[in-house]
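Q: model the structure of this input:
(chains A and B)
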Amino acid sequence: MAGIGFELKKLFKKESFSEKAKAYLYSALVSAGPWIAAVLTVNVLILIMDYIIKRPVEKELFMGTIVYCFIFSQILTAPWQFLINRYISDCLYLLHYDRIRPSFLGLNKIVIVLGLIVCIVFYYPKNLPVYYKFLSTYLFLIITMIWIVMVYLSAVKNYSLIAKAYILGGFISVILTIYFYHKPIPFPELQSASNLLSAYLIGMTITYIMLAYTFLSTFYFGSRVEFDFIKYLDNLSSLFFIGLFYTLGLWIDDIIMWFSIISVTVYDTYLYAPIYDNAVFFAYLTIIPTMVLFLVSVETEFYDTYKIYYNLVNGSGTLNEIEEARKEMQETIIRKTSQSFIIQALISTTIVFLSRSIFNYFNISILIRDIFRICTFGALFNIYVLIVILIFLYFEARGRALVVAIVFFVSNVVLTWFFVNKGLEYFGYGFLGGCLLTFILGLLMLNRFFHNFNYRTFNFHPIIAKKNNLFFEKLSLYLNKFSA
Amino acid sequence: MIICLVIEGSYPYITGGVASWVYQLISGLSEFQFKIISIMPTCSEELNIRYEYPPNLLEIKTLFLDDYLNLPKRIIKKKISLSKEEKEQLKKFIELDPEVSWEMLFKLFSARKLGTAIDFLESKIFWDLIVDYYEKNYGESIFNTFFWTERNMLLPLVHLLQQETLQVDIYHAVSTGYAGILGVALKHWHKKPLILTEHGIYAREREEDILKAKWVTGIYKKLWIRFFYFISTAPYKSSDEIVTLFQKNSEIQINLGAPREKTVVIPNGVDNSKFDIINREHDGYNIGSIVRVTPIKDVMTLIRAFKIVKENIEGVKLYIIGPTDEDPDYYSDCVNLVKMLNLENDIVFTGRANVLDYFSILDVLVLTSISEAQPLVILEGMSAGLPFVATEVGGCKELLERDEYEGACGLVGNLVSPNDTALNIMRILMNPKKSQEMSENGKKRARRAYGLNNLLNRYGDLYNEVWERWQE
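A: Numbers count the residues shown, from 1 in each chain, chains lettered A, B, ... in the order given. You can find the predicted model right below:
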């Protein structure tokens, strides 16, 4: 063990209190990154699919499977993401490197068990071939595990390897799709859909293996406290609910649309709205620039000012110096965020203007294009809702972050519900409205929050620390007995 | 009539001069009934009762300076709105301005208008005041340290002023400091008279502690010292009677703001009948020191002084009589010093013991304290006819020197001076005639001025007098 600590210390040079903040951002990015990669892959497959699959109903079946696997695996794992991220960064800060691997195993056990239950309950009564049910369940679990390993990889920060894993996995999926087109696996029923699903599945599996290997080979040691992280639910349960409500909010408009006039039922299994879902998928692709821009500005300027401020607060700053640092930090946030917002708004607007020719070029339905236009603006505000949540989390204002997440969820439900019966031309307005409303509220809250900021900083940590409800600590001790 | 004694770090948990005095007073004044508010520093240590409870002691209420640890946590903070005058007084309070209106503060704190002590110290109002104060006076120093020093300083005080208390006829604070300020608050809350008895001058003692302390540094030493003067001078203004043990302390109190006409001197008292002791014949010389083995008693100097005596006089022995378990580190330092000086066979640590068992074999008593008020052991030694060697602290000189009635009954030297102490011991041991004179003087003086009855009668009268005056 002697060498490990040394090696890891090099890897996590200068982990500190403020490192936690950065971790939140990575967690958001890593959950968006694979999403983007997957959407791209699926869209390439869909393009190929038009040539391969002759029966449209099989195409819809495949699409339904992918949509369900993505959405529900994300809802299943998202609540854990902020929480486990905080756990990991605390472990790194406290040099408890040996707790990271076991928590990975423990969390996987939890989500796999939950995922299996969901799949069995969902697929058991459905009238589909057994092998198709099996493949779908497999895909669902693989994607679930990918979300989890991505959170852990944010600790390793090997971004080029993550990128390679996705590119290779996607590439293999595409190659196999073409290969299976020429030499299909002889499934008795639903041959095209099953072959396509198999190709995609193998690609994703390879991606997962690469990711998991990267993580497990870095953290090849560990103690046996697999469920230690559960105790965080005692005092940081808000992180769980922030993840839950934000992700539910992200998908709830889709789910509501599944019950609208554009909904489609495939094999009595998947109820979904391909027009709407596709539009939203495309819309999310338009916000990639913000994610990159925000990462870069956080990495550089904002993060530095943040560090300076908290070093002065915790160290030897006079109030004057602290106040200067606060202004600098807040100006940086406001400047960087508004800059990236303006750029993103320009990009989104441009894409909307160009959407006619783009969609025509790819021969995509006009219906999708109309919804896409609305949802692109929705996505624009949506990403800033996430950024507001992240900013609150940087400053440990979890209560406010939770309020934003809940408002986002509720407003998206209410407005989508309101617009769903207004007719086709209003599709997407619910999502846009929910995002815009939450965005405005978030900005107002942020503005209030920055008011009296020093007072908050110095009064955030209570004079006396108190332990109150320790249910989850007990649960974690109990579950740790079952660690392998 | 019920009297409530408000005491700090003493009876019934901590032994010492004040605690013994409290015990004497209550058990001696059986015609009065007593209640006690005993303020202790922390609720996290177990307390042991060190004294008997006299039958006329009705109730002991123990308050802890740090039991804000058990305050309920509030999620949603109440908005606090204050009048301009209230804000002005809070500002003075935070700036430790002695002109502050304590009456208004007591009202503010006790009505929880500001919430609990913790709510207050986490409030925006407190923040604004503290930032203002910081910018005016401390703008160049580290804010984090300043902020937490202020909070830590004010938290126990504000919390103390929000405690449930006892309703009685007369409040009697047995020191200034926390006990004194609570006494003042009790007077205001319950509209009852307040008597203050100060053994040592509290603010001075804290000042000495802080100057030596390692837990506080730089400008914060000054701040803490100011804080203790701030809370200690309030009772001087509000008490109906201000008692101390000897004239010198009385002058200090007057200097710190006590009105001269309210000051009274009531010395400690001993039960002289217990000390009619006949000296037993013994070989050589026995020196005794009745002390708790703690740094304030400076036992190290005593041991070094004894070394000098030993080098000059054959057959001397030193008995250190008193508990050794109060400061185990210091005790082991003392034991090491004894070993280093090769005095293992000549110095005896008796531990907790009945002093009467030793009085009959002692030739001289020594006290090398660096801080004292009016030590009971000197009175007891005088009463038993033992010449005394003491350091010039508190009221020791007043007790031992020649006055208009008797000659000297002991010698007083510089503190922390083994040489002075050794010389004084040898002067007494080598001069039997002088020693005999001192012995006689001591016996006479103890019976004339420092009898227990004197103490009890004067306090009995004081209670009645204050009560009658209050009724009018």
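Q: thought B:Val389 was touching B:Leu362?
A: No - judged on CB atoms under 8 Å, B:Val389 makes no contact with B:Leu362 at a distance of 11.9 Å. All C-beta spots, glycine's among them, are computed from the backbone N, C-alpha and C.
Q: who has more neighbours, these two?
A: Counted by other CB atoms under 10 Å in any protein chain shown, B:Val389 and B:Leu362 do not tie: B:Val389 has more neighbours, with 29 against 26.
Q: burial count for residue 114?
A: Chain wasn't specified; assuming chain A. 13.
Q: please refer instead to chain B.
A: 22.
Q: for it, which non-adjacent residue is closest in space?
A: In space, B:Leu114 comes closest to B:Phe120 once its chain neighbours are excluded; the distance is 4.1 Å by CB to CB, 6 or more residues apart in numbering or on different chains.
Q: go on, B:Pro55?
A: Setting aside the residues directly before and after it, B:Pro55 is nearest to B:Ser30 in space (CB to CB, 6+ apart), at 7.6 Å.
Q: up against chain A, what does chain B have?
A: For chain B, the residues found near chain A under the criterion CB under 8 Å from any CB of the partner chain are B:68-69, B:71, B:73, B:118, B:121-122, B:124, B:127, B:131, B:134-135, B:139-144, B:147, B:151, B:155.
Q: filter those residues down to the buried ones.
A: Among the residues of chain B next to chain A, those that count as buried by neighbour count (16 or more other CB atoms under 10 Å in any protein chain shown) are B:68, B:71, B:118, B:121-122, B:127, B:131, B:134, B:141-144, B:147, B:151, B:155.
Q: point out the least confident one among those.
A: The member of these with the lowest model confidence is B:Leu71, at 76 (criterion: pLDDT).
Q: what does the host helix or strand of B:Glu88 contact?
A: With the criterion set as DSSP states H and E, the secondary-structure element containing B:Glu88 is helix B:84-94. When contacts are defined by CB atoms under 8 Å, 6 or more residues apart in numbering or on different chains, helix B:84-94 is touched by residues B:82, B:99-101, B:104-105, B:108, B:125-126, B:129-130, B:132-133, B:150, B:154.
Q: could you redo the last one with a cut-off of 10 Å?
A: Contact with helix B:84-94 is made by B:80-83, B:97-105, B:107-109, B:113-114, B:120, B:125-126, B:128-130, B:132-134, B:150, B:154, B:157-158, B:230, as judged by CB atoms under 10 Å, 6 or more residues apart in numbering or on different chains.
Q: could you do stretch A:175-186 as well?
A: A:44-45, A:48-49, A:51-53, A:131, A:172, A:191-192, A:194-196, A:198-203.
Q: residue in the stretch 351-472 of chain B with the shortest distance to chain A?
A: As assessed by CB to the nearest CB, chain A sits closest to B:Ser371 within the stretch 351-472 of chain B, at 32.6 Å.
Q: what's the neighbour count on B:Pro156?
A: Count around B:Pro156 with other CB under 10 Å applied: 19.
Q: what does A:Ile120 give?
A: Each residue near A:Ile120 was counted by other CB under 10 Å, and the total is 11.
Q: how is the chain divided into domains?
A: This is for chain A. If the domains of chain A are taken from automatic domain parsing, they occupy A:12-226, A:270-484, with pieces of a single domain joined by a plus sign.
Q: that was the other one, I meant chain B.
A: Under automatic domain parsing, the residue ranges defining each domain of chain B are B:2-71+B:160-265, B:84-153, B:272-450.
Q: quote the end-to-end distance of the second one.
A: So that's domain B:84-153. Using CA to CA, to the nearest Å, the gap from the first to the last residue of domain B:84-153 comes to 25 Å.
Q: before we move on, what about stretch B:270-286?
A: Across its full length, stretch B:270-286 reaches 23 Å end to end, with CA to CA as the criterion.
Q: repeat for stretch B:11-19
A: This stretch, stretch B:11-19, spans 4 Å end to end (CA to CA).
Q: shaky segments in chain A?
A: In the predicted model, chain A carries pLDDT under 70 at residues A:1-36, A:155-159, A:292-293, A:295-300, A:461-469, A:481-484.
Q: buried sites along the helix or strand harbouring A:Val414?
A: Using DSSP H and E, A:Val414 sits in helix A:398-420. Using 16+ other CB under 10 Å as the burial criterion, the residues of helix A:398-420 that qualify are A:398, A:400-413, A:415-416, A:419-420.
Q: export that helix as PDB, just CAs?
A: Coordinates of each C-alpha in helix A:398-420 appear next as PDB, following Å, rounded to 0.1, in the frame of the first residue of the first chain:
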ATOM      1  CA  ARG A 398     -28.300  23.400  -1.100                       C
ATOM      2  CA  GLY A 399     -31.700  24.600   0.000                       C
ATOM      3  CA  ARG A 400     -31.900  27.100  -2.700                       C
ATOM      4  CA  ALA A 401     -30.600  24.600  -5.300                       C
ATOM      5  CA  LEU A 402     -33.400  22.300  -4.200                       C
ATOM      6  CA  VAL A 403     -36.000  25.000  -4.500                       C
ATOM      7  CA  VAL A 404     -34.900  25.700  -8.100                       C
ATOM      8  CA  ALA A 405     -35.000  22.000  -9.000                       C
ATOM      9  CA  ILE A 406     -38.500  21.500  -7.500                       C
ATOM     10  CA  VAL A 407     -39.800  24.700  -9.200                       C
ATOM     11  CA  PHE A 408     -38.400  23.400 -12.500                       C
ATOM     12  CA  PHE A 409     -40.100  20.100 -12.100                       C
ATOM     13  CA  VAL A 410     -43.400  21.500 -11.000                       C
ATOM     14  CA  SER A 411     -43.600  24.300 -13.600                       C
ATOM     15  CA  ASN A 412     -42.700  21.900 -16.400                       C
ATOM     16  CA  VAL A 413     -45.500  19.500 -15.300                       C
ATOM     17  CA  VAL A 414     -48.100  22.300 -14.900                       C
ATOM     18  CA  LEU A 415     -47.200  24.100 -18.200                       C
ATOM     19  CA  THR A 416     -46.800  21.000 -20.300                       C
ATOM     20  CA  TRP A 417     -50.100  19.800 -19.000                       C
ATOM     21  CA  PHE A 418     -51.700  23.100 -19.800                       C
ATOM     22  CA  PHE A 419     -50.400  23.200 -23.400                       C
ATOM     23  CA  VAL A 420     -50.800  19.500 -24.200                       C
END
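Q: quick one: the host helix or strand of the residue nearest to B:Leu114 to chain centroid distance?
A: When secondary structure is defined by DSSP H and E, B:Phe120 falls within helix B:117-121. How far helix B:117-121 lies from its chain's middle: 29 Å, per CA atoms, centre = their mean, to the nearest Å.
Q: for that helix, which helices and strands make contact with it?
A: When contacts are defined as 3 or more CB pairs under 10 Å, 6 or more residues apart in numbering or on different chains; DSSP states H and E, helix B:117-121 sits against helix B:102-110, helix B:124-137, helix B:143-160.
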